[in-house]
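Chemist: Let me see the structure of the following:
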Amino acid sequence: MKSNYLKELLGVLQGNKIYNLFLILGENYDSNTSEFESTSQLIKFIKKQTGSYFCIGVAGFPGCSEEKLVHLKEKIESGADYILTQAFFEKNTYKAFADQCERLNIKVPIIPGKIASTIFSTLESERCRFLINSSEKFVGTPEIVTGNV
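Modeler: Numbers count the residues shown, from 1 in each chain. Model (predicted):
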């Protein structure tokens, strides 16, 4: 994304009273199409242009490497306001991720990713590739997650 386009887009978003952004830049940086090499750079640019107007969320990945956690910390230090995790099934996965964030002094809300209960039949027929740490006991027995998890 080019900065001139982003400036214009931010103005449109503000004009339409949109206050929340969830930013995912991706891993395939191309200098021909984007001036932002990282999500951290993108966040800094948005904050410089708009101050604290936007509440900015970023993705978190329970079970990720220490290197990815360091990048997550950089995003928070750049101005991100919260973390939304990738979906997971084991509450211990969330706790371990939250503990890792705490050790790195990441002090923003961490919202656990959740899968809508309407896709349980899909999970029974084919394990979704985008999910992490899916439990063997979960697949085929959706009642495990229908209560408080």
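Chemist: Flag the shaky bits of this structure, pLDDT-wise.
Modeler: Residue ranges of the chain with pLDDT under 70: 27, 116-149.
Chemist: got the residue ranges for the strands in it?
Modeler: Along the chain, the segments classed as strands by DSSP state E run 20-23, 55-60, 82-87, 110-113.
Chemist: Most tightly packed of the ones you listed?
Modeler: Neighbour counts averaged per stretch over the strands of the chain are highest for strand 55-60, at a mean of 21; criterion: mean count of other CB atoms under 10 Å. (C-beta placed from N, C-alpha, C; glycine too.)
Chemist: what's the angle from it to strand 82-87?
Modeler: Relative orientation of strand 55-60 with respect to strand 82-87: 30 degrees, computed using axes from the mean of the first three to the mean of the last three CA atoms, to 10 degrees.
Chemist: so which of the strands of the chain comes closest to residue 31?
Modeler: Closest approach to residue 31 among the strands of the chain is made by strand 20-23 (18.9 Å; CB to CB).
Chemist: neighbouring strands for the closest one, and are they parallel or not?
Modeler: With DSSP bridges as the criterion, the sheet partners recorded for strand 20-23 are strand 55-60 (parallel).
Chemist: Reformat the strands of the chain into JSON lines and put distance to residue 67 next to each item.
Modeler: What follows is the strands of the chain, written out as JSON lines (distance: least, CB to CB, whole Å):
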{"stretch": "strand 20-23", "distance to residue 67": "19"}
{"stretch": "strand 55-60", "distance to residue 67": "14"}
{"stretch": "strand 82-87", "distance to residue 67": "16"}
{"stretch": "strand 110-113", "distance to residue 67": "19"}
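Chemist: nearest residue to residue 6 other than its sequence neighbours?
Modeler: By the measure of CB to CB, 6 or more residues apart in numbering, the closest residue to residue 6 outside its immediate chain neighbours is residue 45, 6.7 Å from it.
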